[in-house]
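# Structure for the following, please:
(one chain, ligands or ions: 2)
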Amino acid sequence: MRKIYIFDTTLRDGEQSPGVNLNTREKLEIAYQLEKLGVDRIEAGFPAASPGDLAAVNAVARAVKQSTIIGLSRSREQDIDAVREALKGAEDPCIHLFLATSPIHRKFKLKMEKEQVMETAQAAIRYARKYFSKIEFSCEDAGRTEIDFLCEMTAMAIAEGVSVVNIPDTVGYLYPYEYGNIFKTLKEKVPGIEKIQLSAHCHDDLGMATANSLAAILGGADQIEGTVNGIGERAGNTAIEEVALALETRSDFFNAKTSLALTEISRTSRLVSRLTGMVVPGNKAIVGANAFAHESGIHQDGMLKEKTTYEIMSPETIGLKESKLVLGKHSGRHAFREKLIDLGFSLDDERLNQAFAKFKALADKKKDVSDEDIIAIVDERLIDA
Ligand code: KIV
Ligand code: ZN
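Residues are numbered from 1 along each chain as shown. Ligands and ions are numbered 1, 2, ... in the order given. A predicted model of the protein is given here:
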């Protein structure tokens, strides 16, 4: 089975979520948990952005030993020097250089022709090579870059000795078929492509970051970049837990796996949510509060008979104790009876029917019926009796 490397950028692209600002202690706390989760690579920050970020990346670099620690850098010497400083003391340092390659970015942002983009990137890689044995190079806005130019940039980066070439869909513009095809084309057309790893980095502007990342894997990507809970610029980045669980649940289809300790996923999600202040929506795949909750009577009945009727993954896989059967107006008698047993009641059929009728009347008025509500209903019944 093919190994897919996980490059976590919660501490860099994730921190670029509007309103999020992590101090050194918080970055360290998340980095330790990411190490426990088993991510292969941690992008700890953008050292040239601020002295505080440089210090935070350095603290992570000195503390975390099991994952490669990465610092982001524009293709310029001052940024590279900042990453050198920040990664002092790292067991396995890596610099992540980037330069935009798309026509829109070349024209409006960089004001450079293709040749200048190529030369600038080449010079940056050459400078970085003096200090780093591991370099990742990203063609920013690769998703909107001419495929021939992307092949040329990749060939240049390989010739200059980088270890990873990243193909970001920076603005979340592509759909899976298109994105997967870029990887296929690079694999087919660029000489020496087998010497490096190809990486996918997706944004979720059109809600396709996970689908695009999976398409990249099918196209031959070796590494997926993303964040915990999918936080990040604008609509966010690929959620690494979604990719890991998709590969785990559909290993029959992908024949590929990450090395993540999946049982750490739930804990990592809660930690990142608490420290960033970014609330995880209830219906978020894998880590949302409702991801393993069932409300309808038909589903609850199926779950009580055999969990795989309505669950393609088990909550235990991500470190949760059990699925939740939420009692509401769609719930049926079977789930209600099980809840009563859990709460320590055993009612005969007649009393159960009466209590169930009261429960339904309450559920019509109230979205979720809590354990306390049920106890109150049953107690009332016993008093009535
Ligand atoms: O989205 C993007 O293009 C990035 C690069 C810096 C890799 O985050
Ligand atoms: Zn990004």
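# For ligand 1, tell me whether stretch 205-221 is touching it.
No: applying CB under 6 Å from any ligand atom, one finds stretch 205-221 out of contact with ligand 1, separated by at least 10.6 Å. Every C-beta, even on glycine, is put in place using the N, C-alpha and C of the backbone.
# what's next to that stretch, contact-wise?
Residues from elsewhere that reach stretch 205-221 (CB atoms under 8 Å, 6 or more residues apart in numbering): 4, 167, 169, 171-177, 179-184, 186-187, 198-200, 202-204, 224, 226, 230, 234-239, 242-243, 246-247, 254, 256, 285.
# Same list, these, but only the ones touching ligand 1.
Within the contacts of stretch 205-221, those near ligand 1 by CB under 6 Å from any ligand atom are residue 203.
# Just the contacts of stretch 205-221: which are in helices?
Within these, residues falling in helices by DSSP state H are 176-177, 179-184, 186-187, 242-243, 246-247, 254.
# between those residues, which is nearest residue 129?
residue 186 (21.6 Å; CB to CB).
# Distance of that closest one relative to residue 161?
18 Å (CB to CB, to the nearest Å).
# what about these two, which has more around it?
Neighbours per residue (other CB atoms under 10 Å) separate residue 186 from residue 161, with residue 186 holding more: 22 against 15.
# How many residues are close by the residue lying closest to the more buried one once chain neighbours are set aside?
Spatial nearest neighbour of residue 186, excluding adjacent residues (CB to CB, 6 or more residues apart in numbering): residue 154 at 5.7 Å. Counted with other CB under 10 Å, the neighbours of residue 154 add up to 25.
# Please give the element, helix or strand, for residue 154.
helix 147-159 (DSSP states H and E).
# can you give me phi and psi for residue 232?
phi 160, psi -180 (degrees, to the nearest 10).
# mind checking how far it is from ligand 1?
Counting by CB to the nearest ligand atom, to the nearest Å, the gap from residue 232 to ligand 1 is 8 Å.
# I figured the residue nearest to residue 186 hits residue 191, correct?
No: using CB atoms under 8 Å, residue 154 makes no contact with residue 191, being 9.9 Å away.
# wait, what's in contact with residue 294?
With CB under 8 Å, 6+ apart, residue 294 has these contacts: 300, 303, 310, 323-326.
# Ok, residue 83 next?
With CB under 8 Å, 6+ apart, residue 83 has these contacts: 47-48, 57, 71-73, 95.
# Same check on residue 272?
Neighbours of residue 272 in contact, by CB under 8 Å, 6+ apart: 10, 14, 30, 227-229, 231, 278.
# Neighbour count and pLDDT added to those residues, as CSV?
Shown next, in CSV, are the contacts of residue 272 (neighbours: other CB atoms under 10 Å; pLDDT from 0 to 100):
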residue, neighbour count, pLDDT
10, 32, 98
14, 26, 97
30, 24, 97
227, 27, 98
228, 30, 98
229, 29, 98
231, 23, 98
278, 20, 97
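# among the contacts of residue 294, which one has the lowest pLDDT?
Lowest-confidence member of those: residue 323, scoring 83 (pLDDT).
# returning to that earlier point: type out the PyMOL command that picks the buried ones from the ones in helices among the contacts of stretch 205-221.
Buried residues within those, by 16 or more other CB atoms under 10 Å, are selected in PyMOL with:
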select buried, resi 176+179+180+181+182+183+186+242+243+246+247+254
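# can you tell me which of the ones in helices among the contacts of stretch 205-221 lies nearest to residue 34?
residue 243 (14.7 Å).
# Now do the same contact list for that closest one.
4, 6, 210, 213-214, 224, 226, 258.
# Please apply the same query to residue 303.
294, 309-311, 323, 325.
# One more pass at 10 Å, please.
Neighbouring residues of residue 303 by CB atoms under 10 Å, 6 or more residues apart in numbering: 292, 294, 309-311, 323-325, 334-335, 338.
# and what of residue 377?
By CB under 10 Å, 6+ apart, the contact list for residue 377 reads 336, 340, 354-359, 361-362, 369.
# Thank you, goodbye.
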